[in-house]
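Novice: Have a look; sequence and predicted model below, questions after that.
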Amino acid sequence: MNWTIILSISKTHLLSRLKQSGTAALGVTFGIGTFIILVSFMTGLNGLLDGLILNRTPHIHIYNEIKPSEKQPIDYASEFSNSLNIVHSIKPKFSQERIHDAVPLMNHLKSDERVRGVTPLVRAQAFYSAGSLQINGILNGVDILEESRLFKLDDYIFEGDTQALKRTSNGILMGIGVAKKLSLKIGDNVQIISSKGDIFQLKLVGFYQSGLAEIDNAQSYINLKTAQQVLGEGQNYITDINVKLHQLDDAVPMAQEIEHNFNLTAIDIKEANAQFETGTSIRNIITYAVSITLLIVAGFGIYNILNMLIYEKMNDIAILKATGFSGRDVKYIFISQAMLIGLAGGVLGLAFGYGVSVLIDHTPFETEALPTVKTFPVNWNPIYYFIGIAFALVSTFLAGYLPARRAEHIDPVEIIRGQ
């Protein structure tokens, strides 16, 4: 079997029916190109939506939940152990919301190889005050540089920066929603009234916008020590600990370990965002289902064109066999034609998909909900391009194989006799 002759004959057949060959190649081009465009844009959009939640959500959130004791005083009295005891209006015992021995716990977590980073959090209820206007809000006291590293806070700051908050001991990084209600600008003083009635003057150093109205209309960031001062507590007072892991799959077992070993409440990211994760999975399924359907439809189009091409080449097949080409040689000629169409159409499809994706990536997309996003999101993962060209070659091979099998078994005598 001489591959040079087979490829030469395949090329001649394709060029002799250039219109049909071009139509088949364009079918592959638009099928693969549309797949690239759709999957790149949809996964990019999904990544943007996921980032709004997942980037700001710790893999494990640790806090001290105040709840009633499982055993009441009557349960410790032996004379009532065999009685039916009913206790009404059970109240939790007085206890602070702080995490006891938070610093040793954080050091322990940082030493775990599964942990990427740990940040302390002091959450304080307060009022933002401007004249007669008072807005209920939440102050998050954090280590702002570590918070930015682990939770990409800089991506949501559109005026000011985290360094300004780090340098300003009484600074505040305010959600854009509450800042607009108070008509504030960078450098203004913000009056804060704590839950105990104490008044503090903070300096506005920046605005952030997460895209979630319930957060932007209430929450602000201040330095950890400032939050402790607002609450009138010492430097060891920490209400929450947020943990980021290297692998998301470690979140559930590690949260269970923390609850068991330290008697604290640990919420893993899958529990905190169960509904959101379900929505993401559904969007991904729809995206890939539509994309694969486009590729399959393109494959059927190629099959139909190649099938018609063989009918039109009956005389050529008879001549090839009469001049000494075996049925196997004829089969490889038509499979080669299919593969050449798939290769040419696939490469053009990748170029077409990439070109349109670049246009989408540079198309302005501005919304007040996402101030840091300037263009439509596109996922440039090269695996999609590999899948596209691989599917083009595989689908054209399968589409060409069945007609080629028919050409392999054609009897040249019957064709010549029929004419």
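Specialist: Yes, it's here. Numbering: from 1, shown residues only.

Novice: Okay, strands next: where are they in the stretch 151-300 of the chain?
Specialist: 157-160, 171-175, 189-194, 199-208, 219-223, 240-245, 265-268 (DSSP state E, counting those that start in this stretch).

Novice: Please list the residues outside the fourth one that contact it.
Specialist: Okay, so that is strand 199-208. Applying C-beta atoms under 8 Å, 6 or more residues apart in numbering, the contact partners of strand 199-208 are 129, 153, 156-162, 164-165, 168, 170-176, 179, 184-194, 216, 221-222, 226, 229-230. Any C-beta I mention is one placed from the backbone N, CA and C, and that applies to glycine too.

Novice: Please check these and keep the buried ones.
Specialist: 153, 156-157, 159-162, 164-165, 168, 170-176, 179, 184, 190, 192, 194, 216, 221-222, 226, 229-230 (16 or more other C-beta atoms under 10 Å).

Novice: hmm, back to that, among the strands of the stretch 151-300 of the chain, which is nearest residue 255?
Specialist: Nearest of the strands of the stretch 151-300 of the chain to residue 255, taken as C-beta to C-beta: strand 265-268 at 4.0 Å.

Novice: model confidence over the closest one, on average?
Specialist: Predicted confidence along strand 265-268 averages 90 (mean pLDDT).

Novice: partners of it in the sheet?
Specialist: Strand pairing for strand 265-268, determined by DSSP bridges: strand 60-63 (antiparallel).

Novice: Report the buried residues of the strand it pairs with.
Specialist: 60-63.

Novice: same deal with stretch 351-361?
Specialist: Neighbour count says stretch 351-361 has 352-354, 356-357, 360-361 buried, by 16+ other C-beta under 10 Å.

Novice: Can you give me the distance of residue 36 to residue 116?
Specialist: 33 Å (C-beta to C-beta, to the nearest Å).

Novice: who has more neighbours, those two?
Specialist: Counted by other C-beta atoms under 10 Å, residue 36 and residue 116 do not tie: residue 36 has more neighbours, with 25 against 14.

Novice: From what I see, that one and residue 389 are in contact.
Specialist: No - in this structure, residue 36 is not within contact of residue 389 by C-beta atoms under 8 Å, at 9.9 Å.

Novice: hang on, the earlier thing: would you convert the buried residues of stretch 351-361 into JSON lines that also reports secondary structure, distance to residue 124 and pLDDT?
Specialist: Below are the buried residues of stretch 351-361 laid out as JSON lines (DSSP: H, G, I helix; E, B strand; the rest coil; distance: C-beta to C-beta, whole Å; pLDDT from 0 to 100):
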{"residue": "352", "secondary structure": "helix", "distance to residue 124": "55", "pLDDT": "94"}
{"residue": "353", "secondary structure": "helix", "distance to residue 124": "50", "pLDDT": "93"}
{"residue": "354", "secondary structure": "helix", "distance to residue 124": "50", "pLDDT": "95"}
{"residue": "356", "secondary structure": "helix", "distance to residue 124": "49", "pLDDT": "94"}
{"residue": "357", "secondary structure": "helix", "distance to residue 124": "45", "pLDDT": "93"}
{"residue": "360", "secondary structure": "helix", "distance to residue 124": "43", "pLDDT": "92"}
{"residue": "361", "secondary structure": "helix", "distance to residue 124": "41", "pLDDT": "91"}
